[in-house]
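1. I would like the atomic coordinates for the input below:
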Amino acid sequence: VAVTKRAMVRAVASTLLLARRMSWLGRQQGLGTNVAAAQDALRRADAVCFDFDSTVITEEGIDELAAHCGAGEAVAEWTKKAMDGNIAFQDALAARLELIRPSRNDVAACLAARPPLLSPCVAELFGAIRARGAVVHIVSGGFRAMIEPLAAELSVDASDIFANTIHWHPNGDYAGFDPDEPTASDGGKPRVVGMLKRDRGYRTVVMVGDGATDLQAKPPADAFIGYGGVVARDLVKANADWFVTDFADLVDCLQNDPAFPPEGAAPSFS
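-> The predicted model follows:
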């Protein structure tokens, strides 16, 4: 009887393990033009670069700032054009900032009144990336002043952030933006990835993001993972090496062997 019971427990455990494996493998066989290569690059990456708005967080920061300053609808239309790839990014950035003209106090008040929300599993994903010895970067067309506070909570150093800088007059009024930031113009994200490879010696870099400007990062990025958990853009979905709507899939990719994930192994009997 003891032997039969033990055999039954083994059979149930094996069935559960097989189900977990099949479920995990099914999630990994997702959408994309080269899913296996993207997963391999993610596991080998020296650095993983993330867009910020609608990727690390669930909002578009500039749209939130615009709404706070009373220019929401006009700015949101420019943002959609830029993210869909229908207008040069530098033109959209300049137009949106001219509509908002945010003061230093406006930015601080917006962050206090509309604190950004993290996308599900993003903190866990950053931890899984770092556990493999890779570096997390934020590469965004958004604004440092709005990104750095939350990035610090995620242990992303300011030197690992590439974003746009708003200039203010001594009294805090809006004075323009820095056009020389690499992310201030179209093609800025591939320039940042190329610079990271050149200056920091990274061999494998993966870009993760929701928009057309993120898609531009490959090459020189070794893989582009499109994220549609906030907004699923057709251009990104059609051209990403791997397209996901849940960062848990990336966590699984990093933490589990592609064929035999270690968690949930059948119990041993002595």
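2. For the protein, which element, helix or strand, carries the lowest mean pLDDT?
-> Within the chain, no helix or strand scores below helix 2-28, which has a mean of 54 by mean pLDDT, DSSP states H and E.
3. Next secondary structure element downstream of it?
-> Using DSSP states H and E, the helix or strand that follows helix 2-28 towards the C-terminus is helix 35-44.
4. Could you list the alpha-carbon positions for that following helix in CSV?
-> Provided in CSV are the C-alpha atoms of helix 35-44 (Å, rounded to 0.1, in the frame of the first residue of the first chain):
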residue,chain,number,x,y,z
VAL,A,35,11.4,35.3,-30.3
ALA,A,36,14.1,32.7,-29.5
ALA,A,37,16.9,35.1,-30.5
ALA,A,38,15.4,37.8,-28.3
GLN,A,39,15.1,35.5,-25.3
ASP,A,40,18.7,34.4,-25.8
ALA,A,41,19.9,38.0,-26.0
LEU,A,42,17.9,38.9,-22.9
ARG,A,43,19.6,36.0,-20.9
ARG,A,44,23.1,37.1,-22.2
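5. could you give me the average pLDDT of it?
-> The average pLDDT for helix 35-44 rounds to 94.
6. Other residues contacting that helix?
-> Helix 35-44 is contacted by residues 28-29, 32, 48, 132, 204, 206, 222-225, 240-242, 250, 253-254, 258 when judged by CB atoms under 8 Å, 6 or more residues apart in numbering. For the C-beta atoms, the positions are set from N, CA and C on the backbone; glycine is no exception.
7. Go again with 10 Å.
-> The contact list for helix 35-44 (CB atoms under 10 Å, 6 or more residues apart in numbering) reads 28-30, 32, 34, 48, 128-129, 132, 134, 203-206, 208, 218, 221-226, 240-244, 249-250, 252-254, 257-258.
8. Only the buried residues of that helix, if you could.
-> Across helix 35-44, burial judged by 16 or more other CB atoms under 10 Å covers 35, 38-42.
9. any chance of those residues in TSV, plus distance to residue 167?
-> Formatted as TSV, the buried residues of helix 35-44 follow (distance: CB to CB, whole Å):
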residue	distance to residue 167
35	42
38	38
39	41
40	42
41	37
42	37
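10. picking up where we left off before, from the contacts of helix 35-44, which ones fall inside strands?
-> 48, 205-206, 208, 223-226, 242-244 (DSSP state E).
11. Would you map the helices across the protein?
-> 2-28, 35-44, 61-68, 72-83, 89-100, 104-113, 122-131, 144-153, 188-200, 212-215, 234-239, 248-255 (DSSP state H).
12. re the thing from before, pull out the buried members of the ones in strands among the contacts of helix 35-44.
-> With neighbours counted by 16+ other CB under 10 Å, those contain buried members at 48, 205-206, 208, 223-226, 242-244.
13. From those, pick the one nearest residue 172.
-> Using CB to CB, residue 208 comes nearest to residue 172 of those, at 34.1 Å.
14. ok, how many other residues are close to residue 76?
-> Neighbourhood size, residue 76 [other CB atoms under 10 Å]: 16.
15. For the residue lying closest to it once chain neighbours are set aside, which residues are in contact?
-> Excluding the flanking residues, the one nearest residue 76 by CB to CB, 6 or more residues apart in numbering is residue 63, at 5.0 Å. Neighbouring residues of residue 63 by CB under 10 Å, 6+ apart: 53-54, 71-73, 75-80, 96, 100.
16. same thing but at 8 Å, please
-> Residue 63 touches 72, 75-76, 79, counting by CB under 8 Å, 6+ apart.
17. Any chance of JSON lines for the residues you listed, columns distance to residue 107?
-> Converted to JSON lines, those look like this (distance: CB to CB, whole Å):
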{"residue": "72", "distance to residue 107": "15"}
{"residue": "75", "distance to residue 107": "14"}
{"residue": "76", "distance to residue 107": "18"}
{"residue": "79", "distance to residue 107": "17"}
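18. Scan the residues you listed and report the most crowded one.
-> residue 75 (24 neighbours).
19. any idea how far residue 72 is from the closest residue in space to it that isn't next to it in sequence?
-> Take residue 75 and drop its neighbours on the chain: the residue closest to it by CB to CB, 6+ apart is residue 66, 3.5 Å away. Computed as CB to CB, to the nearest Å, the residue 66 to residue 72 distance reads 5 Å.
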